[in-house]
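Visitor: The following comprises the amino acid sequence and a computationally predicted model.
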Amino acid sequence: MAGKGTQTPPYWYDGSPVPWPMRLLAPLYAGVTALRRRLYRRGWRKRHALAVPVIVVGNITAGGTGKTPLTIALVERLRAAGWKPGVASRGYGREQSDKARWVEADTPTALGGDEPVLIAWKTGVPVRVDSDRVAAGKALIAAGCDVIVCDDGLQHYRLARDIEIEVVDAQRRYGNGRMIPAGPLREPVSRAAECDFRVVNLGQADEAAAAQACGFGQWPMALHIDSAQPLAGGRARPLAYFAGQRVHAVAGIAHPQRFFDMLRARAIGVVPHAFADHHAYQPQDLSFGSQLPVLMTEKDAVKCRAFSNDWQYAVPLRAEMPAAFWIALTDRLDKLRPN
């Protein structure tokens, strides 16, 4: 299996005291990270440029912030604009992680990683997982792609990039502001200002909340859920069908509460079941002692399809960005398009 998932230490975000061993290790991590960046910046370690534009969607914190929904929306926009995008990913938590692999919609998540399989399932574009993102990019170019989108990889400096997009969670932001392992930061907060686009994941916040949450130079991203797709196949149901009912809600993502809150906002009675991010599901994980409908995120659904039943549903998530964001991004990208 791909592992039991990753748990976020509570002191990263809840204001509780940081254990002293973590405090002692954080400066060591910060020093190694700073040294590595300096080596690339000064050219002492080589960056490899590809023959096509490279867009990196990432974050400076550990854990999920909404990168994958934005990556999916970005791929769809690029394709609509006439590009042939391909997605490169490490494939976090997958077996045989030292082996490069093409990922398709039916690739087992244990081999492809849950997020790459989800991207392949939702978009149908070429997806390549490889710990060496330079090699992944070259494979995608050989497959006919003319723009590479990296799902995560902001810290993978070996691959030169043309556009960097940082995604941050509006609720959790940068947590306690400390470096790993004392806090969630992979790099100092100042690193975010170097990115070309800074996207704030607002969840289902309205326009007024978006204006309040986003600072200068930041772009709001709203997440929408409208329907539920039976895992066993068949016609999707509108979420309004479940209004007034109790359901088991399953989320093995970085911030499960966000999914539960989105369902509750639609008058659905949620019995929450939070699992670790990247959790590798077994059939018994979904045995809750009652046959209430089970609603889960699509990231969880791709890991549960093999043992699904008629009362389990995936809830598609759609990322929405302002029109001005897409105009700014595509204008920048068009300047990189070969004549």
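Guide: Nice, thanks for sending it over.
Visitor: where does this structure have low pLDDT?
Guide: Scanning the chain with the threshold set as pLDDT under 70 gives 1-6, 205-213, 215, 339.
Visitor: which residues in it form helices?
Guide: 20-41, 67-80, 109-112, 114-123, 133-142, 207-213, 256-264, 298-301, 323-334 (DSSP state H).
Visitor: what about dumping the CA coordinates of the third one to PDB?
Guide: Going back to what we said before, that points to helix 109-112. Extracted in PDB, the C-alpha atoms of helix 109-112 (Å, rounded to 0.1, in the frame of the first residue of the first chain):
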ATOM      1  CA  THR A 109      -3.100   5.000  -6.500                       C
ATOM      2  CA  ALA A 110      -0.500   2.800  -4.700                       C
ATOM      3  CA  LEU A 111       1.600   3.000  -7.900                       C
ATOM      4  CA  GLY A 112       0.700   6.400  -9.300                       C
END
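Visitor: which other helices and strands contact that helix?
Guide: Here helix 109-112 touches strand 101-103, going by 3 or more C-beta pairs under 8 Å, 6 or more residues apart in numbering; DSSP states H and E. Placement of C-beta: from N, CA and C, glycine included.
Visitor: what does the second one give?
Guide: Packed against helix 67-80 by the contact rule (3+ C-beta pairs under 8 Å, 6+ apart) you find strand 54-58, strand 85-89, helix 114-123, strand 147-151, strand 163-169, strand 218-224, strand 318-320, helix 323-334.
Visitor: Please tell me how far residue 337 sits from residue 36.
Guide: From residue 337 across to residue 36, the span is 32 Å (C-beta to C-beta, to the nearest Å).
Visitor: One more: residue 298?
Guide: Separation of residue 298 from residue 36 (C-beta to C-beta) stands at 34 Å.
Visitor: Look at those two and report which has more neighbours.
Guide: Taking other C-beta atoms under 10 Å, residue 298 and residue 36 do not tie; residue 298 has more neighbours (19 against 14).
Visitor: List the contacts of the more buried one.
Guide: 118, 121, 122, 314, 315, 316, 317 (C-beta atoms under 8 Å, 6 or more residues apart in numbering).
Visitor: try 10 Å this time
Guide: Neighbour list for residue 298: 68-69, 72, 114, 118, 121-122, 225, 229, 314-317 [criterion: C-beta atoms under 10 Å, 6 or more residues apart in numbering].
Visitor: how close does residue 263 get to residue 321?
Guide: Distance from residue 263 to residue 321, by C-beta to C-beta: 23 Å.
Visitor: now residue 125
Guide: Distance, residue 125 to residue 321, by C-beta to C-beta: 19 Å.
Visitor: Which one's more surrounded, those two?
Guide: When neighbours are counted by other C-beta under 10 Å, residue 125 comes out ahead of the other of residue 125 and residue 321, with 21 against 18.
Visitor: returning to that earlier point: okay if I get the helices and strands packed on helix 67-80 as TSV plus mean neighbour count and distance to residue 190?
Guide: Putting the helices and strands packed on helix 67-80 into TSV (neighbours: other C-beta atoms under 10 Å; distance: least, C-beta to C-beta, whole Å) gives the following:
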stretch	mean neighbour count	distance to residue 190
strand 54-58	24	16
strand 85-89	27	26
helix 114-123	25	27
strand 147-151	27	22
strand 163-169	23	12
strand 218-224	19	15
strand 318-320	16	26
helix 323-334	14	23
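Visitor: Looking at the ones you listed, spot the one closest to residue 250.
Guide: helix 114-123 (13.3 Å; C-beta to C-beta).
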